[in-house]
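Student: Just a sequence and a predicted model for now, questions to come.
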Amino acid sequence: MFGPTRGVLGAATKSLLVSIFVWVASAPIAAGADEGLVDVRTLPRLEGAVENPAHTEVHSLSYGVPIAGAIMVAATRKLLADNGWTQYVRPMEESSTSLLFKKGRQGLYVSFTQGRPDRSAVNYSANRITANVPFPDDATDIVFDERRPYLRCMTAAAVHTTLDFFRKGLAAAGWSPLSAADISAHWPNARPDERIENDARTYYNYDNHDGGYKQPPIMLSLQRGGDGKTSAEIKVAPFALPQDLEVVRETIDLPEPNHTPSFGSTGSADSIRRKLEGITVAEIPVVLAFYRRELAARGWKEQTSGAVLTDNEATLDFSSADQTATLRLGHKYDLTTVSLVAQVKEAALAARAKAKKEADEKFLGDAMATAKQMIAADEVRRAAQAANLSDAPLKALADNTMPVPVPETAENVQFNGEDGKLEFDSSSSVKALAAFYRGLLKPLGWKEQPSVINKSTMVVMEFSRGGKELSFTAMQMGPKVNVTADGSGLVMANAKPEAATARASDAAGGKAVAENLEAEPDSALPVPKQHSMSSIGIGKLPGTETAIRRELNASIPAELGSVLAFYRGELGKRGWKESADRAAVRPDQAQLAFSAPEGPAILKLGRSNGETTVNLAQKIPAAAAKGDIMPKPGQARLMFVNIGDGEAAVTINKQTIRIAAGAGTPQSKGPTLDLPPGKYQYSLKVAGGPVRNNAIEVAADDAWGLMIAPGGEVMSLQVY
């Protein structure tokens, strides 16, 4: 539990000095202090060693050897032991793969690097002993911390012999005996006369008049065991340890004390289960008093049942209005281990779940009501828009240089001969456009293939001739019909897409007035005062007021260049930064990408009816991440809702998604589908109704809702 694992006691345990710096406070090192660092160039090396000159200094070096693994480690231990170096391990670092040695007042750190299977590197680094105490010559099982005064070991010598050894050795290292009178004078609450059976205790103070490192008083304890061995322990005297702890920080909403060499946590403040654990350099009663005080101040009540309180461990349970917590304290070496686990109560979990369910139901209920209104309004709008589309026979646009004819009502024409792609908008109906292409392509030798998509709002036509192919899709999109075409029959060598766009812009006609535009002062997203239409939509997380997406649609009676300049200026004022490498600007359309403090945004400008159309959409990823909305990175997500009375089946991208009646409503979660970005044809089949065909285009990281009405109509809404 307290080995060198990441996040709890790992690398931080190797820095106990940081948390107990009051004991080794920065004092000037005497002129001869470097005698405390070994010149590693003088140390013995394994047979076959090849020194690495690039990593050789007075206090560190590296050399390669033709052996590896456990053999190399064992050989290094023996080599240094034969040279008078004594190995030890630090407290709480027993599983470390590196080696630590001590020889007199000098220390050595040895690490190993595995290269090829048959070759490794041995690394020597001088290690300063700032809290020097002597080791008995026959010491075994040595646990020592060179950065603070702690030693535990076993020796075969008798207690009186070992005591005599330490008296002499500690005196040579700068320690002097501390009498009971001296202790009582400085620490009135200390009990230096306390003894246990077969135990000898003495106290020492460090004399740092020569400018050495400051050290707290230490206690030497010797005890003879039944196995004929004497255990020796040197540690900071209990009366010199912290007697009162303070809160150093709040971690996952739980108090963490000072004097903590290492602390870590799992979970977060709002997790169902969270854990705080670490070590302190105070004794168990002091740590226990800290947590009793601090938890009580935070509304926790101590539970008397199940409590365990001994000299070496403590377990207490606490309870608050909606949580329980268990505190466990243990003793190891001269440290107190701490584990505090908090858990949300079952009743509180049920209350949370109920509140979330009610919020979700309210959100979905509101969404369904809004969607029904929108579907009804959309049906009326579609009918009105369709009535304004012309069924009149079409003529081909004059001076056309593209491989296929383009109708005279074409607007916003985009042609890419290199890729074989054509797209334009038209005020003519789907029926008129289908008749136009069927009537003109057949005499040119193009043969049409049968298609299942052929209705008043959308038609798909496939043609072939002499090994080449053409595919046309005409679909009503608001007050216009959008036509896209691709295929090998559209490919032209050395074609220039820009030229086609420029001609289409001229053909579209309609000159707008160039002017400096002024921003509407109260708009959440910038829009010029000179707009003929504007609307802002906000998508929110279920049951909350947290916005996950904002979208502005507007129409401006001004030139596209003027509108583009307006948005670059206004968005820049708000701290939005344009991604220059993603900008696409043409005479009749533009698309810019921005990064903003709350999330990315896309600005799209186009031309329609002599005005510049604006679509500005911003996503808020931090908010969306809290709900089940975001698609997999680089993909788009479809979220299906069926408010009808029977099952519906949607076939898209060679997959059939079955949506049960009521799926996606408060009573049942609806299915979702992640897709690569692109334009997809899909078919919908509602029980007892005909197959309906439609299309949807999705971009990376978008989320769309497909809501199926009782009559089989589909409304697609971008929710993120």
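Tutor: The structure has been received and is ready for your questions.
Student: what about the stretch 551-700 of the chain, any weak spots by pLDDT?
Tutor: For the stretch 551-700 of the chain, residues meeting the criterion pLDDT under 70 lie at 665-668.
Student: go with 50
Tutor: Applying pLDDT under 50 to the stretch 551-700 of the chain flags no residue at all.
Student: Can you show me the strands along it?
Tutor: Listed in chain order, the strands of the stretch 551-700 of the chain (DSSP state E, counting those that start in this stretch) span 577-578, 584-586, 589-595, 601-608, 611-619, 636-642, 648-652, 655-659, 672-675, 678-686, 691-698.
Student: Same list, those, but as a markdown table with mean neighbour count please.
Tutor: C-beta here means a position set from N, CA and C on the backbone, and glycine is covered the same way. Formatted as a markdown table, those follow (neighbours: other C-beta atoms under 10 Å):
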| stretch | mean neighbour count |
| --- | --- |
| strand 577-578 | 14 |
| strand 584-586 | 13 |
| strand 589-595 | 18 |
| strand 601-608 | 19 |
| strand 611-619 | 21 |
| strand 636-642 | 23 |
| strand 648-652 | 19 |
| strand 655-659 | 15 |
| strand 672-675 | 16 |
| strand 678-686 | 17 |
| strand 691-698 | 18 |
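Student: Would you convert those strands into CSV that also reports distance to Arg292?
Tutor: Written out in CSV, the entries for the strands of the stretch 551-700 of the chain read as follows (distance: least, C-beta to C-beta, whole Å):
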stretch, distance to Arg292
strand 577-578, 52
strand 584-586, 65
strand 589-595, 49
strand 601-608, 52
strand 611-619, 48
strand 636-642, 50
strand 648-652, 60
strand 655-659, 56
strand 672-675, 49
strand 678-686, 62
strand 691-698, 57
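Student: Of all those strands, which one is nearest Asp82?
Tutor: Among those, the nearest to Asp82 by C-beta to C-beta is strand 589-595 (63.8 Å).
Student: May I have the strands that pair with the closest one, each with its orientation?
Tutor: strand 577-578 (antiparallel), strand 584-586 (antiparallel), strand 601-608 (antiparallel) (DSSP bridges).
Student: I'd like those strands written out as JSON lines, with distance to Glu647 added.
Tutor: Formatted as JSON lines, the strands paired with strand 589-595 follow (distance: least, C-beta to C-beta, whole Å):
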{"stretch": "strand 577-578", "distance to Glu647": "47"}
{"stretch": "strand 584-586", "distance to Glu647": "42"}
{"stretch": "strand 601-608", "distance to Glu647": "36"}
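Student: Val719: which of those is closest?
Tutor: strand 601-608 (15.4 Å).
Student: for the residue lying closest to Glu469 once chain neighbours are set aside, what are its contacts?
Tutor: Using C-beta to C-beta, 6 or more residues apart in numbering and skipping the chain neighbours, the partner closest in space to Glu469 is Gly487 (4.3 Å). Residues in contact with Gly487 (C-beta atoms under 8 Å, 6 or more residues apart in numbering) are 420, 468-471.
Student: ok, of those residues, which one's closest to Gly572?
Tutor: Looking across the contacts of Gly487 and measuring by C-beta to C-beta, the closest to Gly572 is Gly420, at 38.1 Å.
Student: Now do the contacts for the closest one.
Tutor: If you count contacts by C-beta under 8 Å, 6+ apart, Gly420 has them with 486-491.
Student: Run through the bridge partners of the nearest residue to Ala68 once chain neighbours are set aside.
Tutor: Spatial nearest neighbour of Ala68, chain neighbours left out: Ser120 (4.4 Å); criterion: C-beta to C-beta, 6+ apart. With DSSP bridges applied, Ser120 shows beta-bridge pairing to Val65, Gln114.
Student: Now do Ser120 against Thr113, distance only.
Tutor: Ser120 sits 6 Å away from Thr113, taking C-beta to C-beta, to the nearest Å as the criterion.
Student: quick one, which of those two is more surrounded?
Tutor: Ser120 (20 against 10; other C-beta atoms under 10 Å).
Student: for that one, what are its contacts?
Tutor: So Ser120 contacts 64-65, 67-69, 72, 112-114 (C-beta under 8 Å, 6+ apart).
Student: Which pair of those spans the longest distance?
Tutor: The span of the contacts of Ser120, defined through C-beta to C-beta, is set by Gly64 and Gly69 at 14.5 Å.
Student: Name the residue in those two with the higher neighbour count.
Tutor: For the pair Gly64 and Gly69, the greater number of neighbours falls to Gly64 (18 against 11), based on other C-beta under 10 Å.
Student: In contact with the more buried one, which residues?
Tutor: 49-50, 52, 115, 119-122.
Student: Kindly indicate the member of those residues with the most neighbours.
Tutor: Neighbour counts for the contacts of Gly64 (other C-beta under 10 Å) peak at Val122, which has 23 neighbours.
Student: ok, then the element right after the host helix or strand of that one?
Tutor: Element membership of Val122 [criterion: DSSP states H and E] is strand 120-128. Downstream of strand 120-128, the first helix or strand assigned by DSSP H and E is strand 140-145.
Student: Could you tell me which other helices and strands that following strand packs against?
Tutor: strand 86-88, strand 150-155 (3 or more C-beta pairs under 8 Å, 6 or more residues apart in numbering; DSSP states H and E).
Student: Strand 150-155 and the next helix-or-strand element following the longest one, what's the angle between them?
Tutor: If I follow you right, that is strand 150-155. Next along the chain after strand 150-155, taking DSSP H and E as the criterion, comes helix 159-172. Relative orientation of helix 159-172 and strand 150-155, computed by axes from the mean of the first three to the mean of the last three C-alpha atoms, to 10 degrees: 140 degrees.
Student: Format the contacts of Gly487 as a markdown table; extra columns: distance to Arg298, pLDDT and secondary structure.
Tutor: A markdown table is the format used below for these (distance: C-beta to C-beta, whole Å; pLDDT from 0 to 100; DSSP: H, G, I helix; E, B strand; the rest coil):
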| residue | distance to Arg298 | pLDDT | secondary structure |
| --- | --- | --- | --- |
| Gly420 | 69 | 89 | coil |
| Lys468 | 76 | 91 | strand |
| Glu469 | 72 | 92 | strand |
| Leu470 | 73 | 94 | strand |
| Ser471 | 67 | 93 | strand |
